[in-house]
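Student: task: produce atomic coordinates for the following.
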Amino acid sequence: MQRLLISLGFLLTLLASLHASADFDEGLAAYKAGDYATAEEEFKKAAYKGDALAQHNLGVMYDKGRGVLQDYKEAVKWYRLAAEQGNAEAQHNLGFGYDTGDGVTQDKKEAVKWYRLSAEQGYASAQSNLGLMYPNGEGVIQDNGYAHMWFNIAASNGDESGKGNRDIIAKRMTLAEILEAQKLARDCVARDFKDC
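Tutor: Numbering: from 1, shown residues only. From the prediction side, this is the model:
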């Protein structure tokens with residue numbers, strides 16, 4: 001009997017997931033067609049069913065004012081829901097909100113927390129923004145070596161600002177410090193960005 005209940009529970013979860021996915025797909029098609037009202041409606045259906053991509057996309061719509069009134073607090077609400085489910089882009093965007101104070105009280109330590117979670121998933125923009133926190137000690141202890149490390153990692157993942165910032169911070173460092181930062185970057189990549 002217990003096995004039947006577990007199987008039934010799994011089936012219901014799967015069906016709800018497929019239904020949320022259909023809503024998301026309809027929302028995405030509407031968004032691409034410029035039908036933002038339908039996109040918002042369909043994304044909300046999926047988002048209320050727990051679809052992290054739909055939650056993130058709603059965050060973007062409110063953040064940028066695409067088809068809705070721009071509302072940073074509403075954007076943060078949706079970003080947070082997706083970020084808490086592990087969506088790397090939403091984690092980055094939530095970190096950016098805390099970094100700039102858009103939609104939430106500015107909190108550099110909270111920004112670092114969300115940037116780090118996203119960076120650990122390989123999201124290059126978060127890696128670059130995390131690097132930006134280190135030169136002036138914003139939410140972290142000031143450390144040019146860690147700034148260089150994160151900029152270098154972001155650059156290796158295709159982030160152009162990471163490349164430029166890596167080269168700028170290197171001008172403030174000795175050769176020995178740069179070599180140590182490069183070793184930190186290699187070690188961090190080898191650990192899949194964990195505990196960096």
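Student: quick check: closest non-adjacent residue to residue 110.
Tutor: Excluding the flanking residues, the one nearest residue 110 by Cβ to Cβ, 6 or more residues apart in numbering is residue 98, at 4.3 Å. C-betas here are computed from N, CA, C, even on glycine.
Student: hang on, the one you found packs against residue 116?
Tutor: No - using Cβ atoms under 8 Å, residue 98 is not in contact with residue 116; the gap is 11.9 Å.
Student: who's more crowded, the two?
Tutor: Set residue 98 next to residue 116 and count neighbours by other Cβ atoms under 10 Å: residue 98 wins out with 23 against 20.
Student: residue 168: neighbouring residues, count only.
Tutor: Neighbours around residue 168, by other Cβ under 10 Å: 13.
Student: one step back: give me the element the residue nearest to residue 110 is part of.
Tutor: According to DSSP states H and E, residue 98 maps onto helix 88-100.
Student: who does that helix touch, helix- and strand-wise?
Tutor: Applying 3 or more Cβ pairs under 8 Å, 6 or more residues apart in numbering; DSSP states H and E, one finds that helix 88-100 makes contact with helix 52-64, helix 72-83, helix 108-119, helix 124-133.
Student: check the offset of the last one from the chain's centre.
Tutor: Right, the one you point to is helix 124-133. In terms of Cα atoms, centre = their mean, to the nearest Å, the centre of helix 124-133 is found 11 Å from the chain centre.
Student: pLDDT averaged over that helix, what's the number?
Tutor: For helix 124-133, the mean per-residue pLDDT is 97.
Student: tilt between it and helix 88-100?
Tutor: 30 degrees (axes from the mean of the first three to the mean of the last three Cα atoms, to 10 degrees).
Student: what sits against residue 100?
Tutor: residue 106 (Cβ atoms under 8 Å, 6 or more residues apart in numbering).
Student: against residue 33, how distant is it?
Tutor: In this view, residue 100 and residue 33 are 31 Å apart by Cβ to Cβ, to the nearest Å.
Student: likewise residue 65?
Tutor: 18 Å.
Student: neighbour count for the two, which is higher?
Tutor: Comparing residue 65 with residue 33 by neighbour count (other Cβ under 10 Å), the higher total belongs to residue 65, at 13 against 10.
Student: list the contacts of the more buried one.
Tutor: residue 71.
Student: quick check: it vs residue 35, distance?
Tutor: Distance from residue 65 to residue 35, by Cβ to Cβ: 16 Å.
Student: same question for residue 29.
Tutor: For residue 29, the distance to residue 35 - Cβ to Cβ - is 8 Å.
Student: repeat for residue 59
Tutor: 19 Å.
Student: compare these two (neighbour count), which wins?
Tutor: Using other Cβ under 10 Å, the more surrounded residue of residue 59 and residue 35 is residue 59, with 30 against 15.
Student: which residues touch that one?
Tutor: 75-79, 82, 90, 93.
Student: which regions of the protein lie under the pLDDT threshold?
Tutor: Applying pLDDT under 70 to the chain picks out residues 1-20.
Student: how about 50 then?
Tutor: Within the chain, the ranges that satisfy pLDDT under 50 run 1-19.
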